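Participant: Sharing a sequence plus its predicted fold:
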Amino acid sequence: MTQDLKDKAIKIQGKEYVLVADRIIYFNHNYENGSITTQLVSDPTSDHIIVKATVKPNANEQREFTGYSQAVVGQGYINKTSALENAETSAVGRALAMMGIGVIDSVASVDEVKKAELSKTTQTQCIHFRTQGLNLLRSKVAKELGDNPKEEDILNLIANKSGIVIKSTKELNEANAKRIIEAWAE
């Protein structure tokens, strides 16, 4: 790690991290014959994005470093509109870290650390509610409308039972399913 990048480090959870942008600037400045390439490795129509980044210190040599990242379209604020870009940036950051650029306390990028930080506090609750809450809501709807109801009928039932109006069943998530179930029970 050069002093230049150490000076650019930020602290997250007591550890120092160098932003991907700073890693890229460092790489481009110090490896003029190098290359950074990215490739979408997941199905382009999937909501689950996986990107592979490859960094070559010298484009004319075989030595290369890779990094992968994934993002789910619509999961979190940034991934609502920029899941592909977010995954690509993280993959590049990981590939550069594998080369040793920007590594101080960890290979993880700032985005990964923030994502993990949010995940730790909500993951168990969300998984539990996803399995309990959405399944409970599905069973309540099935009890009232049968196993294969039309979306319009589901939306009307939810509105009538809970007073909560949603435009599409795709809008159902842990938070509003919980509110719907609580209101339905009253």
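Facilitator: Thanks, I have the structure now. Residues are numbered from 1 along each chain as shown.

Participant: quick one: low-confidence ranges for the protein?
Facilitator: The chain contains residues with pLDDT under 70 at 1-4, 11-13, 104-135, 147, 174-175, 186.

Participant: quick one, domains of this protein?
Facilitator: Here the domain parsing of the chain from automatic domain parsing is 3-107, 115-185.

Participant: Present those domains as JSON lines; the columns should include mean neighbour count.
Facilitator: For glycine as for every other residue, the C-beta is placed from the backbone atoms N, C-alpha and C. Output for the domains of the chain, formatted as JSON lines (neighbours: other Cβ atoms under 10 Å):
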{"stretch": "domain 3-107", "mean neighbour count": "16"}
{"stretch": "domain 115-185", "mean neighbour count": "14"}
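
Participant: who's in contact with Lys52?
Facilitator: 38-39, 41, 66-68, 91 (Cβ atoms under 8 Å, 6 or more residues apart in numbering).

Participant: So which of those residues belong to helices?
Facilitator: Among those, DSSP state H puts Ala91 in helices.

Participant: Restricted to strands, list the contacts of Lys52.
Facilitator: Applying DSSP state E to the contacts of Lys52, the entries found in strands are 38-39, 66-68.

Participant: for the contacts of Lys52, which one is nearest Arg138?
Facilitator: Arg138 lies nearest to Val41 out of the contacts of Lys52, by Cβ to Cβ, at 32.6 Å.

Participant: Is the closest one in contact with Val51, as I believe?
Facilitator: Yes: assessed by Cβ atoms under 8 Å, Val41 is found in contact with Val51 at 6.8 Å.

Participant: show me what contacts the most centrally placed residue in the chain?
Facilitator: Centroid-nearest residue in the chain: Ala71, 3.8 Å away (criterion: Cα atoms, centre = their mean). Counting by Cβ under 8 Å, 6+ apart, Ala71 makes contact with 48-49, 79, 83-84, 86-87, 90.

Participant: List the pairing partners of the one helix or strand it maps to within its sheet, with orientation.
Facilitator: Per DSSP states H and E: Ala71 is located in strand 65-72. Note on strand 65-72: by DSSP bridges, its sheet partners are strand 48-56 (antiparallel).
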